[in-house]
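Asks: Predicted coordinates and the sequence they were generated for:
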Amino acid sequence: MPRRHPLSVAAVLILAFAPCACSSASEPLPELPAVSELPRRDELPDALTTFIGARSIDSPDAWRDVRAPELRRLFQHYVYGFWPTTAEVRSEVIKDVTIAGGKVRYKHVRLTHGDGSAPPINVALFLPPAATRAPPVFLALDPCGNHTLIADPEVALSSAWVDGLCPGAVDNKATEAGRGGRAERWPIALIVERGFALAAVHESDIDPDNRDDTSFADGVHPHYQVDVAPAQRWGTIAAWTFGVQRVVDHLVADSDVDGKRIITVGHSRRGKVALLAAAFDERIAMAIPHQSGTGGATLSRSSLGESLFAINGLFPHWFNDTFPLFNNKEVFLPVDQHLLIALVAPRPLLATNGDDDSWADPPGALRAVEAASPVYELLGSSGLQKNGNDVLLEADLSWHSRPGGHSLGLEDWQTFLRFAEHHFGAQ
Ligand code: GTR
């Protein structure tokens, strides 16, 4: 029998708005040119020169006050779309028990947000059962539901839309047969044994990954009004980022985790979100985008891997309706992805890769972290550190590639934990 935690009484907590270094969706952007009027830039846009006025950025204050806000606006305007800056979040503890033979504490927290009309976000918090201090927490999206992360009947079965390829999926609904179906990607017992927590969220609670989103029909989109032109509306990656920020709203107020040591981690399309959320929200202390590829940690200007033409064609709902105008015209982008990495500086960031995962373009991600490093250095970090071709894993800004292809597994988590332990100390 699982042990019921003394705090298991359903408790509702209304979170105060935590200060958030988020973008403002309401600022007018009249000065940003149409895509057809942008200058060609064959080289990567320089991190330390402004787009407007070509001003040189030579101090941390100038970075924070001028260049970083400009970059966030450029990324929202030309790539991801604008999402709501804040929303009121209410947290309800649905269950708090120990599972996995007493090795893991599972706390199910349900978040409602905004006017309460949007679907709730179900957070599965997996915690060390006898922590003497609040643990750092990995925050991650998964496509198939929290019940697929560990085979335990205590974990709530998702009621949100699931892709037909998810374990146990029947007619795009989760079933009991899917329990633990993705457990090999999530070594929960190891994560908590090393003194970390994991906050997992089914991405469909925020926005189902389907093409309906081009009409903004499902997920969070119809529940929030963002006052921007249609071409700058938020796509699914921005919607997921908005949802991750609402989970951060909860985590910074939950005394069971260390709200000052939140790590966004994600694989592939969810790696894009792990990076974007950290770039826009300084409450996130570390980012580990894993095999995040195009629109993530690799360069749009890279000729390797997935092109903008491919990603915008296959996934028209991921970005805003301006980004496809750069298909085969990447050199006209006023930003590139090294600048999204730079927005995380000086917080630790590790871009992980697989040697055979050429679609996600590991060399392009290495070029991106190299080009972001001057911003880390400006902000007092040593940035990327190399010895010849070898990248020091433990540096504040790092890149790693292991043998193998496009996957998430135990070896990757060993790398994530090594990086996190180095920066946060063994727990
Ligand atoms: C691919 C897509 C990539 C990556 C990947 C994934 O098909 O082209 O950008 O996001 O899906 O999420 O697994």
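Replies: Nice, thanks for sending it over.
Asks: For the residue of the stretch 301-427 of the chain found nearest the ligand, which non-adjacent residue is closest in space?
Replies: The nearest approach of the stretch 301-427 of the chain to the ligand comes at residue 306, 4.9 Å away (Cβ to the nearest ligand atom). (Glycine included, C-beta is placed from N, CA and C.) Excluding its sequence neighbours, the residue lying closest to residue 306 (Cβ to Cβ, 6 or more residues apart in numbering) is residue 294, at 4.2 Å.
Asks: Residue 304 is in contact with the one you found, correct?
Replies: No. Counting by Cβ atoms under 8 Å, residue 294 stays clear of residue 304, with 10.0 Å between them.
Asks: so what sits against both of the two?
Replies: Taking Cβ atoms under 8 Å, 6 or more residues apart in numbering as the contact criterion, the residues that touch both residue 294 and residue 304 are residue 361.
Asks: higher neighbour count, the two?
Replies: Neighbours per residue, other Cβ atoms under 10 Å: of residue 294 and residue 304, the larger number sits with residue 294, 25 against 15.
Asks: tell me the centre residue of this structure?
Replies: Residue closest to the mean C-alpha point of the chain, counted by Cα atoms, centre = their mean, is residue 274 at 1.8 Å.
Asks: Break down the stretch 151-300 of the chain into its strands, ranges please.
Replies: Taking DSSP state E, counting those that start in this stretch, the strands of the stretch 151-300 of the chain run over residues 197-202, 262-267, 284-290.
Asks: same question, the stretch 301-427 of the chain
Replies: 349-354, 386-387, 390-391, 397-402.
Asks: just checking, what packs against the third one?
Replies: It stands for strand 390-391. Under the contact criterion of 3 or more Cβ pairs under 8 Å, 6 or more residues apart in numbering; DSSP states H and E, strand 390-391 touches strand 397-402.
Asks: Give me the angle between the strand it packs on and strand 349-354.
Replies: Strand 397-402 runs at 20 degrees relative to strand 349-354, counting by axes from the mean of the first three to the mean of the last three Cα atoms, to 10 degrees.
Asks: Which residue is the nearest non-sequential neighbour of residue 59?
Replies: Looking at residue 59 with Cβ to Cβ, 6+ apart, the closest residue is residue 378, at 7.6 Å.
Asks: Return the per-residue confidence for that neighbour.
Replies: Residue 378 is assigned 98 on the pLDDT scale.
Asks: And it, how far from residue 332?
Replies: From residue 378 across to residue 332, the span is 27 Å (Cβ to Cβ, to the nearest Å).
Asks: give the contact list for whatever residue of the stretch 51-200 of the chain ends up closest to the ligand.
Replies: Nearest residue of the stretch 51-200 of the chain to the ligand: residue 143, at 8.3 Å (Cβ to the nearest ligand atom). Residues counted as contacts of residue 143 (Cβ under 8 Å, 6+ apart) are 162, 163, 166, 202, 203, 204, 209, 270.
Asks: For the first one, which residues are in contact?
Replies: Going back to what we said before, that points to residue 162. Contacts for residue 162 were tallied using Cβ under 8 Å, 6+ apart; they are 143, 144, 145, 169, 172, 173, 174, 178, 204.
Asks: Narrow those to those that are buried.
Replies: Restricting the contacts of residue 162 to buried positions leaves 143, 144, 145, 169, 173, 174, 178, 204, with burial counted as 16 or more other Cβ atoms under 10 Å.
Asks: Please identify which pair of those lies farthest apart.
Replies: The distance between the two most remote of the buried ones among the contacts of residue 162 (Cβ to Cβ) is 14.1 Å, for 143 and 173.
Asks: thinking again about what came up before, mean pLDDT for the strands of the stretch 151-300 of the chain - can I get that in TSV?
Replies: As requested, these are exported to TSV (pLDDT from 0 to 100):
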stretch	mean pLDDT
strand 197-202	98
strand 262-267	98
strand 284-290	98
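Asks: For the ligand, which of these is the nearest?
Replies: Relative to the ligand, the nearest member of the strands of the stretch 151-300 of the chain by Cβ to the nearest ligand atom is strand 262-267, separated by 7.0 Å.
Asks: quick one on the thing from earlier: how near is the residue nearest to residue 306 to the ligand?
Replies: With the distance defined as Cβ to the nearest ligand atom, to the nearest Å, residue 294 ends up 5 Å from the ligand.
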